[in-house]
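**Student:** Sequence and predicted model, in that order:
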Amino acid sequence: MAGIQIERVGKRFGGALALDSVSLDVADGEFVALLGPSGCGKTTLLRIVAGLETRSSGAVRIGGRDVSDLRPADRGLAMVFQNYAVFPHMTVFDNVAFGLRMQKKPREDIERKVRRAAALLQIEPYLDRYPAKLSGGQRQRVAVARALAVEPAVLLMDEPLSNLDALLRLEMRAELKSVLREAKTTTLYVTHDQTEAMGLADRIAVMQQGRIVQADAPTTVYSRPASTFVGGFVGSPPMNFVKVTASGRSARLDALDLRPPADGDLLLGFRGEDVQLVPPDEGMTFVVKVAEPMGSHLLLTGSAAGCPVRVVAPPTASVHAGDRLGLRPDPDRIAWMSQDSGLALDGHA
Amino acid sequence: MTAPRWIPYALIAPAALFLAALFIVPLVQTILLSFDGGGTPDHLANYRKMAGDLNFTLAIRNTFLLVGVVVPIQLALAMGMAVMLQKMSTGRDIVLWIWTIPLGVSDLAAGLVWLALLQNSGYLNTVLFQLGLLDGPTPWLNAETPVTLFVGIVLAEIWRATAVVLIVLVAGFQLIPKEYSEAAEVFGARSWTAFRLITLPLLKPSIQSALILRTVLAFEVFAVVYALGGRNMPVLVGEAYAWQYENQNYGVAAAYAVLVMVISLAATVVYLYALRTRPETQP
Ligand SMILES: Nc1ncnc2c1ncn2[C@@H]1O[C@H](COP(=O)(O)OP(=O)(O)O)[C@@H](O)[C@H]1O
Ligand SMILES: [Mg+2]
């Protein structure tokens, strides 16, 4: 078992900066999700950790050992590729056994470990088949089994669920979580799907344009985003931001009194479910444009103080398009941001 | 809306007719000609004459020897070149382009180029003479120097036609996703092991195509041999040429042509069987 230390890793492709001095610590046994929009450098960072891509600067340590200049094979890790990269000309058994065979493990050892990994991922019935005869979900399981069979200290995964359909993805997500929890493998998991990151990870590292902008527990990233970018990227619906001008550490929005931690042009950030619906003259005025019954809740889209706002109301609430309501955000769950920098004000970022 | 079912047939009809007129008809005519007894009922006369000729066994031996030496060397060379190209990040296209230039040279012209290099007063002798390694013009391409003649022909063939194999292999390499060898690397395979266990098996269909293409063409070797050695080293197609134009015996020439075709077909069948891939083992 081993942790990963990524130390000020930079990467340029020609003139283009893909990674800008990225640092991240993944503790032994921890599951960290690298979350960010497409093109922000997640894959590049993962490949540098794996040794499949050269870095322009910085260092990577695994288990305290500087592996920056080692070959992938010598770094003591396993990887699950986005399109699985399950060898098509080998049976499922040979695929899962590949890493163990490369390590020249004894025959009985290989047999036992392959069977165990196969049992864990429920692919025992297919061990003699070729991958072409398997479904996408089964191939994905083979890729994970191949990685777990070598009992790696560190597991890297690049969007392993993105090629599965929605239902299968949900199922594999839960399964992956239980399997990896059991194996206690240090995991770095790349995804652009925030629900996946929220559901799986002990910690989420949010990336934006080649930098990690926040690395925290999922609930913290969700309710205390370090920037408007994080608040907008994580969570569905995204966090609401309403423009407020404060002086003397106080501000007023319609009938709502606020106590911001700073003065000047601020953004009042709040989650759609962290508000109380009140009569229009008791909070900030919210004009409903669309009301969508989602089953578990009623999603209201509209505007408050000239800013777009989405509110999650109870499924039984009787609200219709065109209604005017008052909103009262839970004061404990407000995230204040600076309008200029887009960064959080409460000092934790 | 679906198109009527005859449309695909109508679309390939011109190509099929073209092929029938310019390929199948002459082919059938050649086969018939080779079995023509010249008025007698002896349909194998041409073949008997061919097999009884002094040069026949020589031609068979030389042709198979050439194919057996040239094709494996070309495959190995082309594989090395394709791997090198695969590892290059810049300038790949230019290097590939330069390597394929000989393909634009006709085989006779290629033979003449190598003749200029290797003949008595050629560049090779000039250089060796000036280096003091030779006392004077030395023949390499005589009937008395069959080994150097053979080596010369092998060199010329390799120079001329390795790129055919290379192009097929390069195309094959590009069909293999990079992730396979990367996965192999991550799971502990060194370069050579990854090549042997992953790349080579996945490249098998391309190797098969390249070998079939190159071997069939190699059995038809003629112009280079003719340019460098005349009839000092008889080969099958060269004999067909000689019977056709020098002896004016079209029947025996046709028999040689049919023999070359049968050998080529047999080689193709061998490759198809020996290098077959099960469809479910391909990506
Ligand atoms: N091999 C490469 N050559 C040039 N640019 C690249 C290469 N790989 C990635 N990039 C660029 O680096 C940036 C980050 O890419 P990537 O790490 O794949 O993003 P992500 O995985 O987050 O979608 C992108 O702008 C991409 O175009
Ligand atoms: Mg990616």
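**Tutor:** Thanks, I have the structure now. Ligands and ions are numbered 1, 2, ... in the order given.

**Student:** Helix or strand with the lowest mean pLDDT in the chain?
**Tutor:** I went with chain A, as the question did not name one. For chain A, scoring each helix and strand by mean pLDDT, DSSP states H and E identifies helix A:166-183 as the least confident one, at a mean of 85.

**Student:** sorry, should have said chain B
**Tutor:** Among the helical and strand segments of chain B, the one scoring lowest on mean pLDDT, DSSP H and E is helix B:123-130, with a mean of 87.

**Student:** May I have that helix exported as PDB, CA atoms only?
**Tutor:** As requested, the backbone C-alpha atoms of helix B:123-130 are provided in PDB (Å, rounded to 0.1, in the frame of the first residue of the first chain):
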ATOM      1  CA  TYR B 123      30.700   2.700 -59.200                       C
ATOM      2  CA  LEU B 124      31.400  -0.200 -56.800                       C
ATOM      3  CA  ASN B 125      34.500  -1.300 -58.700                       C
ATOM      4  CA  THR B 126      35.600   2.300 -59.100                       C
ATOM      5  CA  VAL B 127      35.400   2.900 -55.400                       C
ATOM      6  CA  LEU B 128      37.000  -0.400 -54.500                       C
ATOM      7  CA  PHE B 129      39.800   0.200 -57.000                       C
ATOM      8  CA  GLN B 130      40.500   3.700 -55.700                       C
END
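
**Student:** next SSE after that helix?
**Tutor:** The helix or strand immediately downstream of helix B:123-130 is helix B:146-175, counting by DSSP states H and E.

**Student:** what comes up buried for that next one?
**Tutor:** By neighbour count on 16 or more other CB atoms under 10 Å in any protein chain shown, the buried set for helix B:146-175 is B:149-150, B:152-158, B:160-170, B:172-173. Where you see a C-beta, it was placed from the backbone N, CA and C, and this is true even at glycine.

**Student:** Following element in sequence after that helix, please.
**Tutor:** With elements assigned by DSSP H and E, the helix or strand that comes after helix B:146-175 is helix B:178-186.

**Student:** separation between the closest residue to A:S250 other than its chain neighbours and A:L327?
**Tutor:** Of all residues not flanking A:S250 in the chain, A:R259 sits nearest, at 6.0 Å (CB to CB, 6 or more residues apart in numbering or on different chains). Look at A:R259 and A:L327: by CB to CB, to the nearest Å, they are 16 Å apart.

**Student:** Look at those two and report which has more neighbours.
**Tutor:** Between A:R259 and A:L327, counting by other CB atoms under 10 Å in any protein chain shown, A:L327 is the more crowded of the two (26 against 11).

**Student:** does that one sit in a helix, a strand or a coil?
**Tutor:** Under DSSP: H, G, I helix; E, B strand; the rest coil, the three-state class of A:L327 is strand.

**Student:** which ones are touching residue 216?
**Tutor:** As the question left the chain open, I've gone with chain A. A:203-204, A:224, A:226 (CB atoms under 8 Å, 6 or more residues apart in numbering or on different chains).

**Student:** sorry, should have said chain B
**Tutor:** With contact set as CB under 8 Å, 6+ apart, B:V216 has these partners: B:264, B:267-268.

**Student:** are any of those buried, and which?
**Tutor:** Applying a neighbour-count criterion of 16+ other CB under 10 Å, the buried members of the contacts of B:V216 are B:264, B:267-268.

**Student:** Let's see which of the residues you listed end up in helices.
**Tutor:** Judged by DSSP state H, these include B:264, B:267-268 as members of helices.

**Student:** got a markdown table for those residues, with pLDDT too?
**Tutor:** Rendered in a markdown table, the data for those read as follows (pLDDT from 0 to 100):
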| residue | pLDDT |
| --- | --- |
| B:S264 | 96 |
| B:A267 | 96 |
| B:T268 | 96 |
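
**Student:** Go through those residues and say which is closest to ligand 1.
**Tutor:** Distances from these to ligand 1 were compared by CB to the nearest ligand atom; the smallest belongs to B:T268, at 40.1 Å.

**Student:** hang on, the closest one packs against B:I212?
**Tutor:** Yes - here B:T268 lies in contact with B:I212, judged by CB atoms under 8 Å, at a distance of 5.2 Å.

**Student:** Near ligand 1, which residues of chain A? Just list them.
**Tutor:** For chain A, the contact set with ligand 1 under CB under 6 Å from any ligand atom comprises A:13, A:18, A:36, A:38-44.

**Student:** Just the buried residues of the residues you listed.
**Tutor:** In the residues of chain A next to ligand 1, burial by neighbour count holds for A:18, A:36, A:40-44, counting by 16+ other CB under 10 Å.

**Student:** measure the residue of chain B found nearest chain A to B:A59 for me?
**Tutor:** For chain B, the residue positioned closest to chain A under CB to the nearest CB is B:G188, at a distance of 3.3 Å. Per CB to CB, B:G188 is found 52 Å from B:A59.

**Student:** same deal with A:R259?
**Tutor:** Taken as CB to CB, the span from A:R259 to B:A59 is 102 Å.

**Student:** residues near residue 128, how many?
**Tutor:** All of this is about chain A. Look at A:D128: counted by other CB under 10 Å, it has 9 neighbours.

**Student:** That was the other one, I meant chain B.
**Tutor:** B:L128 has 14 neighbouring residues, counting by other CB under 10 Å.

**Student:** nearest residue to it other than its sequence neighbours?
**Tutor:** Leaving aside its sequence neighbours, B:L128 is closest to B:L134 (4.5 Å, by CB to CB, 6+ apart).
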